[in-house]
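Chemist: Turn this into a model:
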Amino acid sequence: MAKARARAAAKKVRDKWRAKNWYKIIAPPMFNNIEIADTPADKTSNLINRVTEVSMQDLTNDFRKSHIKLFFQIHKIEESNALTRFIGHTLAADYVRRLIRRRRSRIDGVYDVTTRDGAVVRVKPFATTEKRIQSSQKRLIRNVMKKTIIEQAKTKTLSEFIKDALDGKIGSEIYKNCKNLYPVKRIEIYKTEVKKQPTIKTEEEKPAEKTKEEEKTKTEKEEKKKTEEETKTSSSAKKKIVEKKKKNKTKATSKTSKSSNSKQEKDEEKRKTSTSNK
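Modeler: Numbers count the residues shown, from 1 in each chain. Take a look at the predicted model:
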């Protein structure tokens, strides 16, 4: 009996991997909706809030950005696609370690900024100098970093701000502003964390539903125009055919009338010749 029960229990055990489906993880629009990876799940609810880590090199095919690690969180499922949103980035530890050497100063900062579209981002930059500097000079450099990052965030959306941070544009702007205080060697934004997603919908970042509706309306309008043009061309072609038929009929009638007239003239000439011979 025990063996029979064990066999029955073994038969009832299901393979969990067979029940799972594979979903494609898609990057957000700021990274051109590139396919990041594939992930299995037996339920779509298990995919929500799942976080994936990708290097910048995989998205841009630029080996110079292999030290940048991006984090995406799944927030929506459409058919077999798992849509994600950007939640932060970090620099590789060995890359940061190479920038910091002995007898140099490192100036760190942590600032929460709000972007133009209402997103809240925690930015963590750091600067390095050629030599060791005093704490008063460090304080001035921190103030400059904070001021420039806040100004950059105010005028840009989340996607624009993150792109500039990853491309090093914000770091170069801080570098320019710090020149007058102290010759800084390197400035990097080594970490960002999106604390709050955008709440204000800008004109540049329209919702996907509206864009789909606009595309549908455009296609419908184009189809209507095509059908109207086809009907016009068909009607004009029919008119031309009818006109040609009418012309052909008139030509045929004129030919028949001419032939009949010529026959009558010939008969009259024959009669005249016969009478004159008599």
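
Chemist: Going by residue numbers, what spans are helices in the stretch 151-278 of the chain?
Modeler: Residue ranges of the helices in the stretch 151-278 of the chain, as given by DSSP state H, counting those that start in this stretch, are 158-167, 169-178, 208-277.

Chemist: Of those, which shows the lowest average pLDDT?
Modeler: Mean pLDDT is lowest for helix 208-277 out of the helices of the stretch 151-278 of the chain, coming in at a mean of 64.

Chemist: list the buried ones in stretch 41-54?
Modeler: By 16 or more other CB atoms under 10 Å, the buried positions in stretch 41-54 come out as Ala41, Leu47, Arg50, Thr52, Val54. C-betas here are computed from N, CA, C, even on glycine.

Chemist: For Phe72, which non-adjacent residue is closest in space?
Modeler: In space, Phe72 comes closest to Thr84 once its chain neighbours are excluded; the distance is 3.8 Å by CB to CB, 6 or more residues apart in numbering.

Chemist: neighbours around the one you found, how many?
Modeler: Close neighbours of Thr84, defined as other CB atoms under 10 Å, add up to 24.

Chemist: what about it, which SS state?
Modeler: Under DSSP: H, G, I helix; E, B strand; the rest coil, the three-state class of Thr84 is strand.

Chemist: Columns distance to Ile150 on top of the buried residues of stretch 41-54, output as JSON lines?
Modeler: Conversion of the buried residues of stretch 41-54 to JSON lines gives the following (distance: CB to CB, whole Å):
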{"residue": "Ala41", "distance to Ile150": "40"}
{"residue": "Leu47", "distance to Ile150": "36"}
{"residue": "Arg50", "distance to Ile150": "32"}
{"residue": "Thr52", "distance to Ile150": "30"}
{"residue": "Val54", "distance to Ile150": "28"}
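
Chemist: Which of these fall in strands?
Modeler: Of the buried residues of stretch 41-54, the ones assigned to strands by DSSP state E are Ala41, Thr52, Val54.

Chemist: show me the contacts for the last one.
Modeler: Shown here is Val54, whose contacts under the criterion CB atoms under 8 Å, 6 or more residues apart in numbering are Ala27, Ile36, Ala37, Lys69, Leu70, Phe72.
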